[in-house]
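S.K.: requesting a structural model of the entry that follows:
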Amino acid sequence: MNFIYELSKCREIIPDEYDGSYELVREILNSYKNLEDLSLVDHKDLLLLYSATTIMRKKGYLDQKIKISSLPAEEKMKLSDTIGKIWNKAQNREYIHHKDDDLVEIGMFEALYWTFDRRDPKTGKRLNIVTKPSLVKDFFAMCIDIISMNDDEAIFKRAAEILDERYIGSGFGVGSASQILHCLKPCTFPVLSNKGSAYDKFDIGLENSDKICNYIDNVRKIRNFRDRNFRFKNYRIFDIAPENAVEEKVTSYVSIDTGITFPLNRIIYGPPGTGKTYHTIKYAVEIVENRILDSDENYSEIRRRYDEYALKGRIKFTTFHQSFGYEDFVEGIKPMIVDRYGKETISANSDTHMVYLTKDGVFKKICLLARKNPTLNYVMIIDEINRGNISRIFGELITLIEDTKRGMEAALPYSGEMFSVPPNLYIIGTMNTADRSIAILDTALRRRFDFAEMLPEPDLLTRDCDAVDLREMLTAMNQRIEYYYDREHTIGHAYFMENGVSINSVEKLRKIFKSRIIPLMQEYFFDDYEKIMLILNDEKKHRFIRELDTRYIKDPRRRNLCIGDIDSLEIGDFINIYGGIYG
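M.R.: Got it, this is the predicted structure:
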């Protein structure tokens, strides 16, 4: 069995949807964060924290451990209430883990022991984790510090300061410590054990993985292996998919991506009115929700969810134009007038001075959000991507958006920060081929994006719009446009639709021709009305295009044409576009 291939099909685990122990460990540490004197903690407090990671089959499992902890009475009461809420979720089968079990359970790991207050079987002495409370205090202090930290390297540095040789033989080993750390930071810390782990089957190069003092070095190796081979971040996926039981175990706990993959960088392109906006919104929601939407799903509901995700910062939208630059997209310098107290002001005088601040652009902002939440998908939509100066806007990031270079770092020129584009950020560009052909698109952009073409779909239109066959009408017009101009300037079906449904009255058809179709063709053909007549099959009847009164013009060789009275068009005028017979 190709184990890496099987794991590569696994989708992300969202911790608080998977098991209640993630929330429980965080809440316990937050309770100790409020403790005035952390030196009061001892092995009984450590047992409470460790027990929160183990399987709990009764609601009162932790109550006794809370009772004998060093927490003040108020914090004990709050923590007991929190456990009750998490237990109610488990009873209601709200967690993916244990969802199909007969028993109500919280926790992911079997308890190896019920107390730290025991004796070393070799020496008969009490364990150091009991006799040296400073070991417990240092571990708690480290955990509390990293609660609010998001940078892996900073977290590793803090953890390495504490997890040293002092813990070897103390009774608190790499297994117990890594269980707690995993529940605290599931995408940063994997679970290792002196009895072996899920990573032993891979050639990762782990050294003395049973020693707690080697834990952080080994974690770095595991992280590199994970990021090279997989999209998911939560290390729990490795634990629940043991070899020879991949399909059974993973299907039970993790959603399997059955062939559904989303390119990291995609450009949706096509002529005007082909549904690029509709497909972009739908595609963005699919990425955020990590699933393919049903074809009959109501568009208004999809749009509602799109707006909701945009409000939460999961989707960002921007438009490229000629004056859009690196400073708007990535980062720039913002000058600010401040007074003697450093407060911003709009008036300059002898008591004010100018300061220059680094301002994050729209792309950098969503990258930072995505890096903080690696278990979620984020989407950056760039409308009219072909209208911007790509090299000027992306700068050095044009390299970092590549699939194979996600996560690599580069120094930003203004702030000097080391910056990377996370692998859970998807970029969707849109481009109107009537503005610029894809053939002359920036070469660097072409290499880094895949392309999805949106073409007119006449079959989505009705054959009976007050007797006008809209399918045939649009097909006829587009065949002529393609012949006299090119396929990039054809007319999309969306012009003749409202809320995803084809129009069905000639009155609406007149309004569309007057406000959308005729102006579009004037733009296409540079007011060459003879060409427009050919497109509309109007050379003889002059209903769409009419001749001006030329009685006072002496040059009979020149035809003077203008737009006809569109409001007076009849059903037969539209039928004539494709039928060739008037009336």
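S.K.: how many residues are close by residue 278?
M.R.: By other CB atoms under 10 Å, 16 other residues sit near residue 278. Just so you know, the C-beta spots here come from the backbone N, C-alpha and C atoms, and that holds for glycine as well.
S.K.: who's in contact with it?
M.R.: Residue 278 makes contacts with 299, 494, 500, as judged by CB atoms under 8 Å, 6 or more residues apart in numbering.
S.K.: how about residue 19?
M.R.: Per CB under 8 Å, 6+ apart, neighbours of residue 19: 95-98, 106-108.
S.K.: strands of the stretch 351-500 of the chain, start to end?
M.R.: Along the stretch 351-500 of the chain, the segments classed as strands by DSSP state E, counting those that start in this stretch run 353-360, 378-383, 410-411, 418-419, 425-432, 450-453, 497-498.
S.K.: dump those strands to CSV, plus mean pLDDT and mean neighbour count.
M.R.: CSV is the format used below for the strands of the stretch 351-500 of the chain (pLDDT from 0 to 100; neighbours: other CB atoms under 10 Å):
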stretch, mean pLDDT, mean neighbour count
strand 353-360, 82, 13
strand 378-383, 96, 23
strand 410-411, 90, 13
strand 418-419, 90, 14
strand 425-432, 93, 22
strand 450-453, 88, 14
strand 497-498, 91, 15
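S.K.: those: which one's closest to residue 50?
M.R.: Set against residue 50 and scored by CB to CB, the strands of the stretch 351-500 of the chain come closest in strand 378-383, at 34.5 Å.
S.K.: partner strands of that closest one, with direction?
M.R.: Using DSSP bridges, the strands paired with strand 378-383 are strand 315-319 (parallel), strand 425-432 (parallel).
S.K.: in the first one, what counts as buried?
M.R.: Right, the one you point to is strand 315-319. 315-318 (16 or more other CB atoms under 10 Å).
S.K.: also stretch 485-499?
M.R.: Buried positions in stretch 485-499, judged by neighbour count with 16+ other CB under 10 Å: 485, 487-497.
S.K.: picking up where we left off before, now, which of the contacts of residue 278 sits nearest residue 416?
M.R.: Ranked by distance to residue 416 (CB to CB), those are led by residue 299 at 45.0 Å.
S.K.: now that closest one: closest residue in space that isn't a chain neighbour?
M.R.: residue 500 (5.0 Å; CB to CB, 6 or more residues apart in numbering).
S.K.: for residue 150, same thing?
M.R.: residue 372 (5.2 Å).
S.K.: residue 236: what's it in contact with?
M.R.: 13, 15, 18, 108, 182, 186.
S.K.: thought residue 235 was touching the first one, still the case?
M.R.: No. Here residue 13 does not reach residue 235: they are 9.2 Å apart, not a contact under CB atoms under 8 Å.
S.K.: between these two, what contacts are shared?
M.R.: Residues touching both residue 13 and residue 235 by CB under 8 Å, 6+ apart: residue 186.
S.K.: three-state assignment of the closest residue to residue 356 other than its chain neighbours?
M.R.: Of all residues not flanking residue 356 in the chain, residue 333 sits nearest, at 5.1 Å (CB to CB, 6+ apart). Secondary structure, DSSP: H, G, I helix; E, B strand; the rest coil: residue 333 is strand.
S.K.: quick one: pLDDT of residue 333?
M.R.: In this model, residue 333 is scored at 86, pLDDT.
S.K.: tell me, what residue is most central in this structure?
M.R.: residue 378 (1.6 Å; CA atoms, centre = their mean).
S.K.: residues contacting that one?
M.R.: By CB under 8 Å, 6+ apart, residue 378 lies in contact with 288, 313-316, 366, 369-370, 422, 424-426.
S.K.: least confident secondary structure element in this protein?
M.R.: helix 246-253 (a mean of 31; mean pLDDT, DSSP states H and E).
S.K.: show me where the stretch 1-150 of the chain dips below the pLDDT cut-off.
M.R.: 1-6, 8-9, 98-103, 111-115, 118-122 (pLDDT under 70).
S.K.: in the chain, where's the longest helix?
M.R.: helix 73-91 (DSSP state H).
S.K.: centre of the chain to whichever helix or strand comes after it, how far?
M.R.: As assigned by DSSP states H and E, the chain's next helix or strand after helix 73-91 is helix 128-131. In terms of CA atoms, centre = their mean, to the nearest Å, the centre of helix 128-131 is set 45 Å apart from its chain centre.
S.K.: what's the domain layout of the chain?
M.R.: 16-253, 265-453, 458-579 (automatic domain parsing).
S.K.: hmm, back to that, the buried residues of stretch 485-499 in helices, which ones?
M.R.: Using DSSP H, none of the buried residues of stretch 485-499 sit in helices.
S.K.: tabulate the residues you listed (TSV), appending distance to residue 213.
M.R.: As requested, the buried residues of stretch 485-499 are arranged in TSV below (distance: CB to CB, whole Å):
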residue	distance to residue 213
485	72
487	66
488	64
489	68
490	68
491	70
492	64
493	66
494	63
495	68
496	71
497	66
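S.K.: which of those lies closest to residue 70?
M.R.: residue 494 (65.8 Å).
S.K.: let me see the contact set for the closest one.
M.R.: Residue 494 sits next to 273-275, 278 when contact means CB under 8 Å, 6+ apart.
S.K.: low-confidence ranges in the stretch 201-350 of the chain?
M.R.: Those would be 241-260, 341, if you go by pLDDT under 70 across the stretch 201-350 of the chain.
S.K.: quick one: the helices in it?
M.R.: Taking DSSP state H, counting those that start in this stretch, the helices of the stretch 201-350 of the chain run over residues 215-229, 236-239, 246-253, 276-289, 299-311, 326-329.
S.K.: what's the most buried one of those helices?
M.R.: helix 236-239 (a mean of 22; mean count of other CB atoms under 10 Å).
S.K.: can you redo the strands paired with strand 378-383 as JSON lines with distance to residue 470?
M.R.: Shown next, in JSON lines, are these (distance: least, CB to CB, whole Å):
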{"stretch": "strand 315-319", "distance to residue 470": "31"}
{"stretch": "strand 425-432", "distance to residue 470": "22"}
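S.K.: and stretch 543-550, how far apart are its ends?
M.R.: 18 Å (CA to CA, to the nearest Å).
S.K.: now do the buried residues in it.
M.R.: Buried-residue list, stretch 543-550, by 16+ other CB under 10 Å: 543-546.
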